[in-house]
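> What follows is a predicted protein model with its sequence.
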Amino acid sequence: QVHLVESGGRLVQAGGSLRLSCAASGRTFTMYNVAWLRQAPGKEREFVAFINWSGDTTYYADSVKGRFTISRDNAKDTVYLQMNSLKPEDTAVYYCAADTPPFKVRVGALEGYPYWGQGTQVTVSS
């Protein structure tokens, strides 16, 4: 069992930057694939970014490609989402979710992850 906790969300002006963290506890995070997803009020959940267990494979939604960077520090059991050039449309609750071997959740999936965090609010003002 692993417990995920997101942090780093806050109010920021358009064009600004934030770094979100997803910290794991309970079991080592090293062998888990991790995704960031987000959900804005009144909208469906959206895939944002993915990083595999070793950190050498990443994927991004087209809407954030070139602006967001996902990374991980397995020694700290933490995955990060660096968000630059933020736009008002990036406003949402951001969730991290983890998948375990044998990694049944496909990249880009919106559900099926065995572990989820509670979310952190990101608000981008225009």
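In hand now; what should we look at?

> isn't there a helix covering Gly66?
No. Assessed by DSSP: H, G, I helix; E, B strand; the rest coil, Gly66 does not belong to a helix; its assignment is coil.

> Would you check that Leu20 makes contact with Gly8?
Yes. Using C-beta atoms under 8 Å, Leu20 makes contact with Gly8 at a distance of 4.2 Å. (Glycine included, C-beta is placed from N, CA and C.)

> The two: which is more packed in?
Shown here are Leu20 and Gly8; by other C-beta atoms under 10 Å, Leu20 has more neighbours (25 against 16).

> how about the helix or strand that contains the more buried one: buried residues?
In this assignment (DSSP states H and E), Leu20 forms part of strand 18-25. By 16 or more other C-beta atoms under 10 Å, the buried positions in strand 18-25 come out as 18, 20-24.

> Let me have these in JSON lines, adding distance to Gln39 as columns.
As requested, the buried residues of strand 18-25 are arranged in JSON lines below (distance: C-beta to C-beta, whole Å):
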{"residue": "Leu18", "distance to Gln39": "17"}
{"residue": "Leu20", "distance to Gln39": "14"}
{"residue": "Ser21", "distance to Gln39": "19"}
{"residue": "Cys22", "distance to Gln39": "16"}
{"residue": "Ala23", "distance to Gln39": "20"}
{"residue": "Ala24", "distance to Gln39": "21"}
